[in-house]
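Engineer: would you be able to build a 3D model of this:
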Amino acid sequence: MDAYQAIVIGGGIGGLSAALALHRRGIPVTVHERAASLEPVGAGLALAPNALRALDRLGVGERLRALASPHPAIGLRHPSGRWLARTDTATFEACFGETITAVARADVIAALVDALPDGTVRTDSPAALVTPGGTTEPAVVWTPDGDRPAALVVAADGLRSATRAQLFPQHPGPRYSGFTTWRTIVSPTRRPDAVGEVWGRGQLAGVVPLADGRVYVYGAALAPAGARAADGDEKAELLRRFGTWCAPVPRLLTLAEPGRVLRHDVWDLADPLPAYHHGRVALLGDAAHAMCPFQGQGACQAIEDAVVLASALTPAGDPAATLPAYTAARLPRTTAIVTGSRRIGDLVALRTPAATRLRDAALTLAGLLPARTLLNRSAGTYNWQPPALDATA
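Structural biologist: Residues are numbered from 1 along each chain as shown. Modelled structure (predicted):
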């Protein structure tokens, strides 16, 4: 078929990655984002080696690596400050080729947008699938400018994806994980000495240095769905929960600006979809496989999706013929990671003294094993290699 137009619904990291991957394949693409701006402030992001390799295919990996703030070691502690497990980043890098790069989410968004042609991304522009199309007819997408035909639609419309619900109306949809999360970025006067996570009873806190002296601080805790701080002050709620934990958690939380503390409940697609495509529509990121954050792979897997999807396409080919291969490549891998993330959440969720002591003892014993033995458990996730994205490939 002649060169075609692709439409991406959703301007988050997954949608923008898909747009850039399609652009690099020579496929014209437009992104429709309903929000007036692309991303709220206050969130950080851990880019694991698998995602960094995919971002290299998109041409923005080095820009994001340059924003990293290296730390010699990361680990897991008890709220008292006692280390349960610790890994030096040099060993991690030797095992996987590079370390995890922590950046502000807004910096990832900016890198992707800057690499796209002007006019590709349209904010304040909601879009909705009208019909998914098929082998002989295009998909149709409603936009503020009217209905638009498309040979390919990428639905990156998030956890509550209307496109997913339309394509798979029998699927039960997201399930509440039991956890709520808080995220913010602060600017301390000195760099934190201890980096990583602190696990308590049914809750955790994390400390991740970013560029320019900033620090990404986050927390997660068991809570009823929809619960919020009684007075609306989520900073106060964080201090109530974590203010007596080990340094530097309390000090960093006191620096948070109340209006920049983001709180979101965690929902995931515990029941996998039957496919990540239907007709001429491909589901991507949270729309396809929303997961708990406990492996730090949500955005990483969305970036992988984008590269795999675009790698099979060419400007003169018919995307409808390639989408089954996209499902075949992505569904087993992401389903396993969704399951693994939920299992880690089950460990965090332990609350009784006996259960948490047993968990912490097991983590401490595991921490005595050679670092490579522990890291090899993550090899299937981190050693993933992306396909090529050359326009002529």
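
Engineer: all contacts plus neighbour counts: C-alpha atoms, from now on.
Structural biologist: Fine.

Engineer: okay, now the unreliable bits of the protein?
Structural biologist: The model of the chain has pLDDT under 70 over residues 1-3, 40-42, 391-393.

Engineer: the helices in it, which residues?
Structural biologist: Per DSSP state H, the chain carries helices over the ranges 13-24, 49-58, 61-65, 89-96, 105-114, 162-167, 234-242, 249-254, 286-289, 298-311, 323-348, 353-367, 371-375, 379-382.

Engineer: quick one: closest of those to E39.
Structural biologist: Ranking those by their distance to E39 (criterion: Cα to Cα) puts helix 105-114 first, at 6.3 Å.

Engineer: quick one: contacts of the closest one?
Structural biologist: Contacts with helix 105-114, where a contact means Cα atoms under 8 Å, 6 or more residues apart in numbering, come from 12-13, 16-17, 20, 38-41, 43-45, 60, 63-64, 121.

Engineer: what subset of these is buried?
Structural biologist: Buried subset of the contacts of helix 105-114 (neighbour count, 16 or more other Cα atoms under 10 Å): 12-13, 16-17, 20, 38-39, 43-45, 60, 64, 121.

Engineer: tabulate those (a markdown table), appending distance to Y218.
Structural biologist: Output for these, formatted as a markdown table (distance: Cα to Cα, whole Å):
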| residue | distance to Y218 |
| --- | --- |
| G12 | 20 |
| I13 | 19 |
| L16 | 24 |
| S17 | 25 |
| L20 | 29 |
| L38 | 21 |
| E39 | 17 |
| A43 | 9 |
| G44 | 9 |
| L45 | 11 |
| V60 | 26 |
| L64 | 21 |
| V121 | 29 |
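
Engineer: now stretch 369-383: buried residues?
Structural biologist: Of the residues in stretch 369-383, 371, 381-383 count as buried by neighbour count, 16+ other Cα under 10 Å.

Engineer: out of the contacts of helix 105-114, who's nearest A329?
Structural biologist: Once Cα to Cα is applied, the member of the contacts of helix 105-114 that ends up nearest A329 is S17, at 17.5 Å.

Engineer: so that closest one touches A306, yeah?
Structural biologist: Yes: in terms of Cα atoms under 8 Å, S17 counts as a neighbour of A306; the distance is 5.8 Å.

Engineer: need the contact list for the most centrally placed residue in the chain.
Structural biologist: Nearest to the geometric centre of the chain sits A299, at 2.0 Å (Cα atoms, centre = their mean). Going by Cα under 8 Å, 6+ apart, A299 touches 13-14, 285.

Engineer: ok, it to R63 distance?
Structural biologist: 17 Å (Cα to Cα, to the nearest Å).

Engineer: what about the longest strand along the chain, distance to the chain center?
Structural biologist: Identified as the longest strand of the chain according to DSSP state E is strand 175-186. Distance, stretch centre to chain centre, for strand 175-186: 13 Å (Cα atoms, centre = their mean, to the nearest Å).

Engineer: which elements pack onto that strand?
Structural biologist: Here strand 175-186 touches strand 44-47, strand 215-222, strand 262-268, going by 3 or more Cα pairs under 8 Å, 6 or more residues apart in numbering; DSSP states H and E.

Engineer: and the longest one, C-alpha only, in CSV?
Structural biologist: Going back to what we said before, that points to strand 215-222. Taking Å, rounded to 0.1, in the frame of the first residue of the first chain, the C-alpha atoms of strand 215-222 are listed here in CSV:
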residue,chain,number,x,y,z
VAL,A,215,16.2,13.9,44.6
TYR,A,216,13.2,11.8,43.6
VAL,A,217,11.4,10.6,46.7
TYR,A,218,8.5,8.2,46.6
GLY,A,219,6.4,6.1,48.9
ALA,A,220,3.9,3.3,48.7
ALA,A,221,1.5,1.9,51.3
LEU,A,222,-1.5,-0.3,51.7
